[in-house]
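J.: Output the structure for:
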Amino acid sequence: MLGQIASVNTFTIFGPAHGSAILALILLGGWLLATGRRRGPDSPWVRRTCVILGAVQLLNLAAWHIWTFARGAWDVTEALPLQLCDIAVFVSAIALFRRQALAFELTYLWCLAGTFQGLITPNILEPFPHFRFWQYFILHGGLVVAALFLAVCCRLRPRRGTLFRVWLASNLMALVALVANVLLDANYMFLCEPPPTGSLLDFLGPWPWYIAGEEILAAVFFAILLLPFRRSTA
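T.: From the prediction side, this is the model:
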């Protein structure tokens, strides 16, 4: 499934446009991280970059809502900020603007464990250069860059108990999404079925068993991502 064409509109997972978007993200992200690390966490350049990264994410999400509303396609079953990456936009903005500890922990683990997977197996139907293509990769790529920028350039560190706090917050958000799914007949956080375009969930079994697999994988990914900070989280 992962190598198949994701839609009749010719967006292809691992195709040229997908690969080019990933390459652009690596180049831009690498430059930002290298420059920010060299200048230091309290430099004006790093502080300005934090503001720009946060503002771009908020504006990008707002643009999607305006675009869907203008097309008459805004739907309460899809547009509420109950997908993990949409929630991460607001949390990452708090971390970038204020360097708040919990917001950083959530951004770091959510974006590198979850959003990163969205870059590898995008849940979109529209090909390059469609607006949705740009909006999707700016959002997901920006979140990954933001998580790394906060850790590498702002030198924020997770605190003791981070894994449990983020795991608990993730499950609380999933509970809110589940209630919305029941009330609205929606599929927020893919709790009712996996994405139609293919994802890691396809390897975790059918519903509802893949949700249990998600819980286990999340804990494993969180633990791996915290290894570089094991002294501060021990």
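
J.: name the helices or strands packed onto the host helix or strand of residue 51?
T.: Applying DSSP states H and E as the criterion places residue 51 in helix 44-70. Under the contact definition 3 or more C-beta pairs under 8 Å, 6 or more residues apart in numbering; DSSP states H and E, helix 44-70 sits against helix 16-39, helix 84-98, helix 131-152. Every C-beta, even on glycine, is put in place using the N, C-alpha and C of the backbone.

J.: contacts for whatever helix or strand comes next after it?
T.: Once helix 44-70 ends, the next helix or strand along the chain (criterion: DSSP H and E) is helix 76-79. Helix 76-79 is contacted by residues 65, 68, 184, 185, 186, 187 when judged by C-beta atoms under 8 Å, 6 or more residues apart in numbering.

J.: cool, stretch 50-65 as well?
T.: Stretch 50-65 is contacted from outside by 74, 79, 81, 86, 89-90, 92-93, 96-97, 99, 132, 135, 138-139, 142-143, 145-146, 149-150, 154, using C-beta under 8 Å, 6+ apart.

J.: 10 Å - rerun?
T.: Under the contact criterion C-beta atoms under 10 Å, 6 or more residues apart in numbering, stretch 50-65 has outside partners 32, 36, 41, 74, 79, 81, 85-86, 88-90, 92-99, 131-132, 134-139, 142-143, 145-146, 149-150, 153-154.

J.: mind listing what's buried in that stretch?
T.: For stretch 50-65, burial by neighbour count (16 or more other C-beta atoms under 10 Å) applies to 50, 53, 54, 56, 57, 60, 61, 64.

J.: Now tabulate those residues in a markdown table and tack on pLDDT.
T.: Compiled in a markdown table, the buried residues of stretch 50-65 are given as follows (pLDDT from 0 to 100):
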| residue | pLDDT |
| --- | --- |
| 50 | 98 |
| 53 | 98 |
| 54 | 98 |
| 56 | 98 |
| 57 | 97 |
| 60 | 98 |
| 61 | 97 |
| 64 | 97 |
